[in-house]
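Visitor: Below: sequence and its predicted model.
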Amino acid sequence: MAPITPSAHLADVRYEIRGALTRRARELEAAGLDIIKLNIGNPGRYGFAAPAHLREAIAGHLHDSEAYGHEQGLELAREAIAAQQRARGARGVEPERIFIGNGVSELIDLSLRALLQPGDEVLLPSPDYPLWSAATILNGGQPRYYRCLARDGHLPDPDEVEALITPRTRALVLINPNNPTGAVYPRALLQRLVDIAARHRLLLLSDEIYDEILYDGASFQPLAEVAGEVPCLSFGGLSKVHRACGYRVGWASLSGNPAHT
Ligand SMILES: Cc1ncc(COP(=O)(O)O)c(C=O)c1O
C-alpha cells in the first residue's frame with residue numbers, strides 16, 4: 001500500500017512554538033520535569049481569569065446562540081466592535097465591515113486566503129508571530145521579512161520596508177503591540193508605513209490583539225486612525241486583553257475606502 005504523505009502545501013510551513021519545542025517539552029515532562037510553557041500566550045494557564053461580567057454575559061446568552069448565527073458573527077457583537085473602532089478614530093467602520101471568527105488565528109488565515117494569488121508577496125515583521133508566516137505560505141503567498149532589530153528598539157525601518165516591495169507585494173502586516181518583542185509603534189512610524197502602503201496600493205493588516213497590554217509608560221496608537229481612507233484590516237479579540245483565549249473569539253475590522261488610490 002502506498003504511504004499516506006502530507007500535502008506539498010505543508011512543505012515550507014514552520015510553526016516551532018507548537019512543533020519541535022512542544023514535543024521536547026512533553027518529553028521533559030514525561031521525564032518528571034516541571035515545565036513552564038511560555039511558547040504561547042495562554043493567560044488562563046497562569047491564573048489570569050476572564051472577567052466575571054464577560055463569562056456571565058456569554059453564559060447568559062447560550063440559549064440565544066443555538067441557531068446558526070449571521071455568517072459574519074452576532075449582530076450585537078459586531079455593532080459593539082464597530083463602535084469601539086470608530087471611537088478609536090477608524091473611518092468607515094460599520095457592522096457590515098466586521099468579521100468575527102474562531103480567534104484572530106482563523107481571521108488571519110481567511111483574510112490572506114481572500115487576498116492572495118499564488119506567488120503574491122506579504123511584508124511581515126521579523127521576528128514575527130509565526131502564524132502570519134504559516135498562513136501566508138498555506139495560502140500560496142511568499143513572506144518577505146522586514147527586520148525589527150533589538151538595537152532599533154525592535155522598530156522597523158520604513159526605508160527597508162519600502163525597498164522590499166515588488167510588483168507582487170499585496171499587503172503590509174504590522175503586529176502592534178508586538179509579539180514577541182513587546183515593541184509599541186509610535187505614531188510617526190505608523191504614518192510613514194501608511195504612506196508606503198498608500199503609494200504602493202498595499203492592504204494594511206494590523207494585528208492589535210495585545211492593544212491594551214502595555215508596559216508602563218507605553219501608549220498604543222491604533223493603525224486604522226492613522227490610515228484614514230487607506231484600507232486597513234485591524235485584528236482584535238478576547239484572547240489576551242480579556243484573558244479568554246479558550247473561548248475562541250476574534251474579530252477583523254475593515255476601515256478606510258477600498259477604492260482609495
Ligand atoms: C500576535 C498574535 N496574533 C494572533 C494571535 C492569535 O490569537 P487568537 O487566540 O485570537 O487566535 C496571537 C496568539 O498568541 C498572537 O500573539
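Guide: Yes, it's here. Just so it is clear, the structure is predicted and the values come from calculations on it, not from any experiment.
Visitor: got the contact list for the residue in the chain that the ligand sits nearest to?
Guide: The ligand sits closest to Gly103 of the chain, with a gap of 2.6 Å, by C-beta to the nearest ligand atom. Where C-beta positions appear, they are placed from N, C-alpha and C, glycine not excepted. With contact set as C-beta atoms under 8 Å, 6 or more residues apart in numbering, Gly103 has these partners: 237, 239, 245, 248-250.
Visitor: These also near the ligand: which ones?
Guide: Filtering the contacts of Gly103 for neighbours of the ligand using C-beta under 6 Å from any ligand atom leaves 237, 239, 245, 250.
Visitor: And for the first one, nearest residue in space, chain neighbours not counted?
Guide: Closest residue to Gly237 apart from its sequence neighbours, by C-beta to C-beta, 6 or more residues apart in numbering: Gly250 at 3.3 Å.
Visitor: buried ones in stretch 184-192?
Guide: Neighbour-count burial for stretch 184-192, with 16 or more other C-beta atoms under 10 Å as criterion, is recorded at 184-185, 189-190, 192.
Visitor: cool, stretch 71-81 as well?
Guide: Using 16+ other C-beta under 10 Å as the test for burial, stretch 71-81 gives 72-73, 77-78, 81.
Visitor: Nearest to Ala114 among those?
Guide: Gln72 (13.0 Å; C-beta to C-beta).
Visitor: And the pLDDT for that closest one?
Guide: On the pLDDT scale, Gln72 is placed at 97.
Visitor: give the contact list for it.
Guide: 78, 95-96, 98-100.
Visitor: about what we covered before: now the buried members of the contacts of Gly103.
Guide: Buried members of the contacts of Gly103, counted by 16+ other C-beta under 10 Å: 237, 239, 245, 249-250.
Visitor: Strands - which of those residues land there?
Guide: 237, 250 (DSSP state E).
Visitor: Dump the buried ones among the contacts of Gly103 to CSV, plus pLDDT.
Guide: CSV is the format used below for the buried ones among the contacts of Gly103 (pLDDT from 0 to 100):
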residue, pLDDT
Gly237, 98
Ser239, 96
Cys245, 94
Val249, 97
Gly250, 98
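Visitor: The residue nearest to Gly237 bridge partners, please.
Guide: Per DSSP bridges, the residues bridged to Gly250 are Gly101, Gly237.
Visitor: same check, this time on the one 5 residues further on
Guide: Using DSSP bridges, the bridge partners assigned to Ser255 are Cys232.
Visitor: now the strands for this protein?
Guide: 98-101, 121-126, 142-147, 169-175, 203-207, 232-237, 250-255.
Visitor: Tell me which two in the ones next to the ligand among the contacts of Gly103 are the farthest apart.
Guide: Farthest pair in the ones next to the ligand among the contacts of Gly103 (C-beta to C-beta) is Cys245 and Gly250. Separation: 9.6 Å.
Visitor: Close to the ligand: what parts of the chain are there?
Guide: With the criterion set to C-beta under 6 Å from any ligand atom, the chain comes near the ligand through 40-41, 103-105, 129, 175, 179, 207, 209, 237, 239, 245, 250.
Visitor: Those residues in helices, which ones?
Guide: Mapping the residues of the chain next to the ligand onto helices (DSSP state H) picks out 103-105.
Visitor: excluding its backbone neighbours, what's nearest Leu110?
Guide: Per C-beta to C-beta, 6+ apart, closest to Leu110 is Gly101, 6.6 Å.
Visitor: Isn't the one you found up against Gly73?
Guide: Yes - with contact defined as C-beta atoms under 8 Å, Gly101 reaches Gly73; the gap is 7.5 Å.
Visitor: so what sits against both of the two?
Guide: Common contacts of Gly101 and Gly73 (C-beta under 8 Å, 6+ apart): Trp251.
Visitor: for the stretch 151-261 of the chain, what are the low-confidence residue spans?
Guide: By pLDDT under 70, the low-scoring segments of the stretch 151-261 of the chain are 260-261.
Visitor: Tell me the residue in this structure that is farthest from the middle.
Guide: The centre of the chain is farthest from one residue, Met1, which by C-alpha atoms, centre = their mean lies 41.8 Å away.
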